[in-house]
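**Student:** below is the structure, and that's it, no one-letter string:
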């Protein structure tokens, strides 16, 4: 049906070019993939748009020997195959990476508990023992820069390592990645994202924005599409919704379907001054920098003050990253004025670098 409609539109100028036919075929293939993912029953095979080409214009296919649609598919398949060929990190490696994260003690314990629970459930299943129903979908609560996306990525890998998910990729989106501007397009757009996340974790940041509009807001269409996919693909898809505490609680309570599917919450607190300093040290070490004794003392006081005086715009780890980049820029300006900086000079951050950055 879609192919027929698009062919009628293409023929409005009494011509159907090969380029138009290839585009129609691409649209039809995308819709077919979405319908297959949603278990929609097939009626009959779509007609071949290329059979209705009327223009004598040399198509791109004839010039290159490669169909534009086929080329895109080949590229996508090659990328997927390449990703699958890359060695996946082991459970031990992922757990070690989780432990290396600064702070987040309660979050780490909850992730370990959940991983152990899933491992035992898999063992019971393999031994023919029953398991009670369990949802792996989660709500992450906390301010920006508190590690939510990082933990979601690790959880995707952990679930794959223990066999709860088939691939373990993380697909990160916000409202703009799910909601379209016209009636009917949001469901298609959301389905495409879901298809890319099958086998892994779909992470929706600021998910409350999907329910922030009125009754006719397209965000509600995205929510309904998500709820259906979470049911249809519950054995190979985990959805994590994230955002600020209060708006997220209102979002979950706005729809009974959301309440029933999201019953696990992880709270990500703001990093304190000591943790912010630890993150700064890690950045310095990773990038080959070291602090003078004066700079170390000043940095500790600076991050303590940053935490104590935080406001609604406090960015946690993002603020540490921004401060580090500012300091490196200031250090570069200082070294550029030197005639021949030594290796030690290139690695050293002074109190002066920190002071100038902080004052600005």
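**Tutor:** Arrived safely. It should be emphasised that the depicted structure is a prediction, and the values quoted were computed from it without experimental measurement.
**Student:** the stretch 201-350 of the chain: helices as residue ranges?
**Tutor:** Listed in chain order, the helices of the stretch 201-350 of the chain (DSSP state H, counting those that start in this stretch) span 219-232, 245-253, 256-261, 273-286, 293-308, 317-336, 343-347.
**Student:** so residue 112 versus residue 119, what's the distance?
**Tutor:** Note on residue 112: its distance to residue 119, by CB to CB, to the nearest Å, is 11 Å. For every residue, glycine as well, the C-beta is placed using N, CA and C.
**Student:** same question for residue 255.
**Tutor:** 32 Å.
**Student:** show me which helix or strand of this protein is least confident by mean pLDDT.
**Tutor:** Lowest by mean pLDDT, DSSP states H and E among the helices and strands of the chain is helix 60-64, with a mean of 42.
**Student:** so which of the helices of the stretch 201-350 of the chain is nearest residue 149?
**Tutor:** helix 317-336 (10.3 Å; CB to CB).
**Student:** just the buried positions in that closest one, please.
**Tutor:** Within helix 317-336, the residues scored as buried using 16 or more other CB atoms under 10 Å are 317, 319, 320, 323, 324, 326, 327, 328, 330, 331, 334.
**Student:** same deal with stretch 128-143?
**Tutor:** Applying 16+ other CB under 10 Å to stretch 128-143 flags 136, 137, 138, 139, 140, 141, 142, 143 as buried.
**Student:** narrow the residues you listed to those in strands?
**Tutor:** Using DSSP state E, the subset of these located in strands is 138, 139, 140, 141, 142.
**Student:** can you pull the pLDDT of the first one?
**Tutor:** The confidence metric pLDDT takes the value 93 at residue 138.
**Student:** dump the residue contacts of it.
**Tutor:** For residue 138, the contact set (CB atoms under 8 Å, 6 or more residues apart in numbering) comprises 238, 240, 241, 262, 264, 265, 266.
**Student:** among the buried residues of helix 317-336, which two are most distant?
**Tutor:** 317 and 334 (25.9 Å).
**Student:** residue 331 reaches residue 353, doesn't it?
**Tutor:** Yes. Using CB atoms under 8 Å, residue 331 makes contact with residue 353 at a distance of 4.5 Å.
**Student:** what is the end-to-end distance of stretch 140-149?
**Tutor:** 9 Å (CA to CA, to the nearest Å).
**Student:** i'd like the first residue to be 321 from this point on
**Tutor:** I'll keep to 321 as the first residue from here, and by that count the last item is stretch 460-469.
**Student:** can you give me the mean pLDDT across the longest helix anywhere in the chain?
**Tutor:** In the chain, taking DSSP state H as the definition, the longest helix is helix 425-446. Here helix 425-446 scores 92 as its mean pLDDT.
**Student:** outside of that helix itself, list whatever touches it.
**Tutor:** Residues from elsewhere that reach helix 425-446 (CB under 8 Å, 6+ apart): 411, 415, 418-419, 421, 450-451, 454, 456, 467, 471, 474-475, 478-479, 482-484, 584, 586-588.
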